[in-house]
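Engineer: Generate coordinates for the sequence data below:
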Amino acid sequence: MQYRHAFHAGNFADVHKHVALLALHAALARKDKGYFHLDTHSGSGLYDLKGEQARRGNESSAGVERLQDTVAPRSPEIAHYLEALASVRSSSGAHTYPGSPLLSASVLRPVDRGVCVEFVAQESRQLQRALDASFLPGASRLRVEAGDGYQRLVASMPPLERRALVLIDPPYEEADEFARILAVLPEALRRLDSAVIAVWFPLKRQRDTDLWLAKVSRSITQPTLAAQLWLHPRDTAAGLNGSGLLVVNPPWQFDQRAAQWQEELRELLGGGVDSGSDVRWIVNE
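Structural biologist: The predicted structure follows:
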């Protein structure tokens with residue numbers, strides 16, 4: 001799958017991933033103690049939905065733009081996402097779409113801190129500029145680094161806070177991406193077994209997804225669930241059929257809440273007869 005985030009910014013998978021990310025931030029913020037946030041594949045931070053690259057596929061029209069045209073959502077998680085989006089856009093412009101670092105910067109507290117890692121040096125510099133210009137309350141709590149996010153994950157554990165929220169959201173351009181995730185998860189959890197780790201993955205052929213999730217279930221022992229939302233048939237290899245999130249050590253009741261807001265999101269994004277959503281445990285408590 002050829003991946004340049006500017007081509008796909010604001011699509012339905014971004015919406016799914018970012019609603020979940022903000023829900024995880026909110027869950028960790030229920031405790032006064034600070035936590036460490038690591039974004040292993042941060043991107044450039046801010047994308048122009050009216051720019052040439054975004055307009056080429058016009059994927060945001062079936063994602064964030066469609067969601068904004070709907071009535072007020074029932075789920076507080078979706079409402080929180082729309083509020084965070086508006087907060088970022090208040091300084092960046094109505095036609096921009098924030099990547100996960102800026103959305104995280106909108107909710108991080110003074111007691112929290114984070115690191116955003118991006119392998120492409122030019123994009124990491126763009127991300128730093130986007131954070132500096134954002135005026136978001138948590139922007140100063142995020143440090144941007146250029147490097148290998150998987151290496152940084154292992155090196156970061158355990159953080160001083162002993163609480164961590166990690167987002168692994170690679171481009172899946174390399175054939176061994178799933179294998180690298182499978183290799184790094186056990187080591188990171190060995191160093192901090194309570195870390196909350198969210199891994200985004202594309203839904204293409206369901207059989208391939210199920211095989212990978214089965215491998216994950218055999219490699220770690222921490223409670224882990226898979227939350228999946230698909231708008232297209234899951235048995236075709238062409239294009240992106242759906243969005244998946246592997247969540248290790250999910251917060252209390254995250255599974256129940258995700259099942260509700262995912263189904264509402266499927267409806268709001270116009271899911272038809274071939275669409276669906278699912279939240280299931282792959283490693284039980």
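
Engineer: Name the nearest residue to residue 192, sequence neighbours excluded.
Structural biologist: Spatially, and ignoring its direct neighbours in sequence, residue 192 is nearest to residue 158 (4.0 Å; CB to CB, 6 or more residues apart in numbering). For glycine as for every other residue, the C-beta is placed from the backbone atoms N, C-alpha and C.

Engineer: isn't there a helix covering residue 102?
Structural biologist: Yes - applying DSSP: H, G, I helix; E, B strand; the rest coil, one finds residue 102 inside a helix.

Engineer: pretty sure it is touching residue 130, no?
Structural biologist: Yes - between residue 102 and residue 130 there is a contact under CB atoms under 8 Å: 6.3 Å.

Engineer: ok, those two, which is more surrounded?
Structural biologist: Using other CB atoms under 10 Å as the criterion, residue 102 and residue 130 rank with residue 102 on top: 30 against 25.

Engineer: give me every residue that touches that one.
Structural biologist: Counting by CB atoms under 8 Å, 6 or more residues apart in numbering, residue 102 touches 45, 46, 88, 92, 130, 131, 134, 136, 139.

Engineer: Next, format the residues you listed as CSV and append pLDDT and distance to residue 66.
Structural biologist: Formatted as CSV, those follow (pLDDT from 0 to 100; distance: CB to CB, whole Å):
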residue, pLDDT, distance to residue 66
45, 93, 23
46, 94, 21
88, 94, 19
92, 92, 20
130, 96, 25
131, 96, 28
134, 91, 25
136, 95, 25
139, 96, 28
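
Engineer: Kindly indicate the member of these with the most neighbours.
Structural biologist: Counting neighbours by other CB under 10 Å, residue 45 comes out on top of the contacts of residue 102 with 31 neighbours.

Engineer: So what does that one have for phi and psi?
Structural biologist: phi 100, psi -40 (degrees, to the nearest 10).

Engineer: measure residue 148 to residue 41 for me?
Structural biologist: 10 Å (CB to CB, to the nearest Å).

Engineer: Any chance you could list residues touching both of the two?
Structural biologist: Contact with both residue 148 and residue 41 is made by residues 117, 119, according to CB under 8 Å, 6+ apart.
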